[in-house]
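Provided below for reference: sequence and predicted model.
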Amino acid sequence: MMRGTSMDRSPMPLMLLPAMGCDGQLWAAQILALSTVAQPEFGDLSQDDTLAGMAARVLADAPPRFAVAGVSLGGYVAVEMVRQAPDRVTRIALFGTRASMDIRPRTVVGQGLLATAPHADPRLTANVSGPAQAMADRVGQAVFERQQRALLARPDISDAIAAIHVPALVAVGDRDRICTPDDARALSARIAGAQFHMLRSCGHLSPMERPGEVTALLRDWLRQG
């Protein structure tokens, strides 16, 4: 687990969880920028093939109480962490995460991360597609397939969503083709008091595509309550 530093004597622990096929580079900008107001830590989602197993592993290595933010797969794991340990999660931020359990026709094994995270804005291709593919290469196909199995077999998360009673942020890119804005709005509507935010000209990997905006959102979210 990768830990950030902080000038604050009592920074809020912040668990950052990746999307499928991603590593800590996804959150690199936030780990650096938020280190003065939080204690960022990167959760390992590479070793298990179920959401429950991933959540249990992160919880075992997490501080007693913490905030959690996740992208896509990481968002589902964050929700599962609330289900497993509701008294430990102080707030939750979900990027590119859906409430629906419908499986859309998208075969990803053998195609790599970019097959599941297309970037509709051509201006982002050079800045995001290269680093995204590099992450997928580092993570490797075996991990990618484990994570895919976890997503395809994910249980209904309705009860877990209903258990969220902490400050919540739901954000989505307006060009995200995996979790559409309507998907994210539906999730936000099911979480009492959730803040919804649309990231403009942004696809599925918002912490990399819109690092400044995502950092500002998280900074405000960390200050809530």
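Yes, it's here. Numbers count the residues shown, from 1 in each chain.

average pLDDT for stretch 172-183?
Mean per-residue pLDDT for stretch 172-183: 93.

repeat for stretch 45-62
Averaging pLDDT along stretch 45-62 yields 96.

Mind listing what's buried along that stretch?
By 16 or more other Cβ atoms under 10 Å, the buried positions in stretch 45-62 come out as 45-46, 48-59, 62. Heads up, the C-betas are built off the backbone N, CA and C, glycines and all.

which two in those are spaced the farthest apart?
Taking Cβ to Cβ as the measure, the buried residues of stretch 45-62 span a maximum distance of 20.4 Å, between 49 and 62.

List the contacts of the closest residue to residue 98 other than its chain neighbours.
Of all residues not flanking residue 98 in the chain, residue 183 sits nearest, at 4.2 Å (Cβ to Cβ, 6 or more residues apart in numbering). Applying Cβ atoms under 8 Å, 6 or more residues apart in numbering to residue 183 gives the contacts 98, 99, 100, 172.

mind exporting the strand or helix carrying the last one as CSV, just the C-alpha atoms?
Read that as residue 172. Here residue 172, judged by DSSP states H and E, is contained in strand 168-173. Provided in CSV are the C-alpha atoms of strand 168-173 (Å, rounded to 0.1, in the frame of the first residue of the first chain):
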residue,chain,number,x,y,z
ALA,A,168,-21.2,11.1,-0.6
LEU,A,169,-20.0,12.3,-3.9
VAL,A,170,-21.0,10.8,-7.2
ALA,A,171,-19.2,12.0,-10.3
VAL,A,172,-19.1,11.0,-13.9
GLY,A,173,-17.5,12.1,-17.2
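
Work out the gap between the next helix or strand after it and the centre of the chain.
Sequence-wise, the next helix or strand downstream of strand 168-173 (DSSP H and E) is helix 181-189. Relative to its chain's centre, helix 181-189 lies at 15 Å (Cα atoms, centre = their mean, to the nearest Å).

Report the angle between helix 181-189 and strand 168-173.
Angle, helix 181-189 to strand 168-173, by axes from the mean of the first three to the mean of the last three Cα atoms, to 10 degrees: 180 degrees.

How about the helix or strand following helix 181-189, which residues are buried there?
Using DSSP H and E, the helix or strand that follows helix 181-189 towards the C-terminus is strand 195-199. For strand 195-199, burial by neighbour count (16+ other Cβ under 10 Å) applies to 195, 196, 197, 199.

One more: stretch 190-209?
Using 16+ other Cβ under 10 Å as the test for burial, stretch 190-209 gives 191, 194-197, 199, 202-209.
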